[in-house]
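>>> I need the structure of the sequence given here:
(one chain, ligands or ions: 2)
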Amino acid sequence: MTAETFEFQVEARQLLQMMVHSIYSNKDVFLRELVSNASDALDKLRIEALRDDALDVDVSDLHIEIEPDKDARTLTIRDNGIGMSRDEVVGLIGTIAKSGTAEFLRKLKEVQKTDNPDRAAAAEGLIGQFGVGFYSAFMVADEVTLLTRRAGEDAGTRWTSTGEGTYTVETVADAPQGTSVTLRLKPVDNDDRLFDYTSPWKIKEIVKRYSDFITWPIRLVTAAGEGSAEEGSEDGEDGGKPEPETINSRQALWARPRNEVSDEEYHELYKHISHDWADPLETVRIHAEGTFEYQALLFLPARPPRDLFTQGGSRGLQLYVKRVLIMEDCEELVPPYLRFVKGVVDAQDLSLNISREILQQDRHIQMMRRRLAKKVLSTLKEMRAKRPEKYAEFWREFGPVVKEGLLNDFENRDAILAACSFATTHDPEKTATLQEYVERMKEGQEHIYYLTGPSRAAVENSPHMEGYRDKGLEVLVLTDPVDELWVDAVPDFQGKRLRSIAKGEAELGTEEEKEQAKAEREQQRQEYGDLLEWLGGRLGDEVKEVRLSSRLTTSPACVVSDTDDVTPGLRNMLRAMGQ
Ligand code: ADP
Ligand code: MG
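Ligands and ions are numbered 1, 2, ... in the order given. As a prediction, this is how the structure comes out:
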């Protein structure tokens, strides 16, 4: 069959351009990405073989091979994993399905246009957040050939591209099952072997650094003699291929003692499972002993994934049973409001064949889910106390998601509230926890006051604020859409009710002051009776009632709702949801 030529999708082409002209300074990561893909492919094959008895494949020696060829200046990364069908090759490699690609590229272009001396660093930061996976091969190669055959299919597919706008695809009769990616390496501009990716020494260094924990064997296949890097004897007297050398230690990080694992190693594991290029913000370790033993390594990302608020984004943790990965995105292990948490759970005593349906009811899964949620929440609380900047960074990005938990996780409500913080009129620079608010409450203050609105400025300039500001009463400034909902779902905090200052009668001051205000108001009501009646008549059906208020100090009038009315913000949100 003849080769067919295709054009890359526009976004893919733009992204490739950047890889070809290599704006990323740390090119070594291309190998991490290709090994990571190979490892994913092996995971997928084993899981599929576990589920599907009819799949006739040999899974007894799943592995990754790295084969450099110094003379041809090529590097091949090979796996005997799941492979790809022809359609998958075109769909997965020719296009970028990631949401937000267009926006990412726009931002990247903007950064590159500026005169900022930190331009390169800013561009790397953006790429780090986005990740480019397979395409990173074009940082070091001027031609990439991928040969693949999907497990269970007869024909294979060869894909070739120089990364310049088009690629060719052809069907191949005799491809081995799995995938091999061959890079024709760009010329090295100096003969420093540090940058020669055919050097066994260099390959080992990169694998050790980024992929050591990969549980599949990563074998270095070299011409005889070349494997022993330090001596580098080129002659290889006995000819033929020596036994390939396994160059990763394959130890599961979560099973190793804490003090023997470096932060960098944890971060590399995070990057592998999340496909993020940036370091995580926080690593959480759990070592549960007793009747049901398991270990977990959880990560809080530094940036939200692009699919955080869309349906069907990748969710959940990797579930292992005794070091064997049995499920990739096990959603049942984390509640929806912690869906940004990435990581690994390794249980001693679960069935390897556990299905998604059974998972939901499994007592052990539920137990782990509960414990993991509590641990993440307590970590957040601790972060706020001990690493406030880190917490603030986290909260800015993920606060709105965590607060969703207040709507449905009743069991953990207190723990969620303890992890939450809110903007407040007390100090515009700092957020406050409800605990801190309560400790600052004024003598005689019964409620926790808040005001919701579309932005901080809108809330702070609201006429409702005036009386509270004058009396020095602290008001929480709530500006996330979810705030409209949880304030109604949480009845109180330590016996103090949450109260919107935009609803019902304002109740400022001590009992005495209130009594006095009431008397005054009574007098005023008589004084202004005619005016109120006239206003009420003019506004007609627009309002329920016109009344005098003590909540204003400089504005002449404001609109309030009844205590149990929906707020304007919530009304807008419900309208947007089609209700
Ligand atoms: P990501 O790994 O983040 O999905 P990549 O660009 O690294 O993005 O890879 C794109 C897709 O191509 C993968 O999701 C996978 O479906 C497919 N793929 C890449 N390499 C392999 C491989 N060695 N075997 C099977 N599929 C692969
Ligand atoms: Mg990848």
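
>>> where's residue 395 relative to residue 300, distance?
Going from residue 395 to residue 300 by C-beta to C-beta, to the nearest Å gives 11 Å. (C-beta placed from N, C-alpha, C; glycine too.)

>>> mind checking which of these two has more residues around it?
Taking neighbours as other C-beta atoms under 10 Å, residue 395 and residue 300 compare with residue 300 leading, 23 against 20.

>>> which ones are touching that one?
Taking C-beta atoms under 8 Å, 6 or more residues apart in numbering, we find residue 300 in contact with 280-282, 284, 340-341, 376, 379, 394, 398.

>>> could you give the bridge partners of it?
Beta-bridge pairing for residue 300 (DSSP bridges): residue 282.

>>> roughly how far does it sit from residue 402?
Counting by C-beta to C-beta - residue 300 and residue 402 are separated by 11 Å.

>>> by neighbours, which of the contacts of residue 300 wins?
residue 376 (25 neighbours).

>>> tell me where the stretch 351-500 of the chain has helices.
Per DSSP state H, counting those that start in this stretch, the stretch 351-500 of the chain carries helices over the ranges 356-361, 363-386, 388-402, 405-408, 413-419, 434-440, 456-460, 465-470, 483-489.

>>> actually the stretch 1-150 of the chain, not the one I typed
Using DSSP H, counting those that start in this stretch, helices in the stretch 1-150 of the chain cover 10-20, 29-51, 86-88, 101-113, 119-130.

>>> just the stretch 201-350 of the chain next, same as before
So, for the stretch 201-350 of the chain - with DSSP H, counting those that start in this stretch - the helices run 263-274.

>>> what residues does it have near ligand 1?
residue 275 (C-beta under 6 Å from any ligand atom).

>>> give me the residue from the stretch 201-350 of the chain nearest ligand 1.
Per C-beta to the nearest ligand atom, residue 275 is where the stretch 201-350 of the chain lies closest to ligand 1, at 3.7 Å.

>>> which stretches of this protein have low pLDDT?
1, 22-23, 189-194, 224-242, 311-312, 504-514, 517, 548-556, 558, 560-579 (pLDDT under 70).

>>> what residues does it have near ligand 1?
33, 37-38, 41, 79, 81-84, 92-93, 131, 133-134, 179, 275.

>>> please spell out the PyMOL selection for the buried subset of the residues you listed.
Per 16 or more other C-beta atoms under 10 Å, the buried members of the residues of the chain next to ligand 1 correspond to this PyMOL selection:
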select buried, resi 33+37+38+41+79+81+82+83+84+93+131+133+134+179+275
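
>>> out of the residues of the chain next to ligand 1, who's near ligand 2?
By C-beta under 5 Å from the ion, the members of these lying near ligand 2 are 37, 133.

>>> return the distance of residue 100 relative to residue 273.
20 Å.

>>> who's more crowded, the two?
residue 273 (18 against 15).

>>> what sits against that one?
Residue 273 touches 299, 318, 342-344, counting by C-beta under 8 Å, 6+ apart.

>>> for ligand 1, what is the nearest residue in the stretch 101-250 of the chain?
For the stretch 101-250 of the chain, C-beta to the nearest ligand atom, closest residue to ligand 1: residue 133, 2.4 Å.

>>> that residue reaches residue 276, doesn't it?
No: counting by C-beta atoms under 8 Å, residue 133 stays clear of residue 276, with 11.0 Å between them.

>>> tabulate the helices of the stretch 351-500 of the chain in CSV, adding columns for distance to residue 263.
Shown next, in CSV, are these (distance: least, C-beta to C-beta, whole Å):
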stretch, distance to residue 263
helix 356-361, 32
helix 363-386, 16
helix 388-402, 14
helix 405-408, 28
helix 413-419, 23
helix 434-440, 31
helix 456-460, 35
helix 465-470, 45
helix 483-489, 34
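
>>> distance of residue 464 from ligand 2?
51 Å (C-beta to the ion, to the nearest Å).

>>> before we move on, the earlier item: give me the nearest residue to the residue of the stretch 101-250 of the chain closest to ligand 1, chain neighbours excluded.
Distances taken as C-beta to C-beta, 6 or more residues apart in numbering place residue 33 nearest to residue 133, at 5.3 Å, with adjacent residues excluded.

>>> take the helices of the stretch 1-150 of the chain and write them to TSV, including distance to residue 73.
Formatted as TSV, those follow (distance: least, C-beta to C-beta, whole Å):
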stretch	distance to residue 73
helix 10-20	17
helix 29-51	15
helix 86-88	29
helix 101-113	30
helix 119-130	26
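
>>> pick the most buried one from the ones you listed.
helix 29-51 (a mean of 21; mean count of other C-beta atoms under 10 Å).

>>> so who does the residue in the chain that ligand 2 sits nearest to touch?
In the chain, the residue that lies nearest ligand 2 is residue 133 (3.6 Å; C-beta to the ion). Counting by C-beta under 8 Å, 6+ apart, residue 133 touches 33, 36-37, 275.
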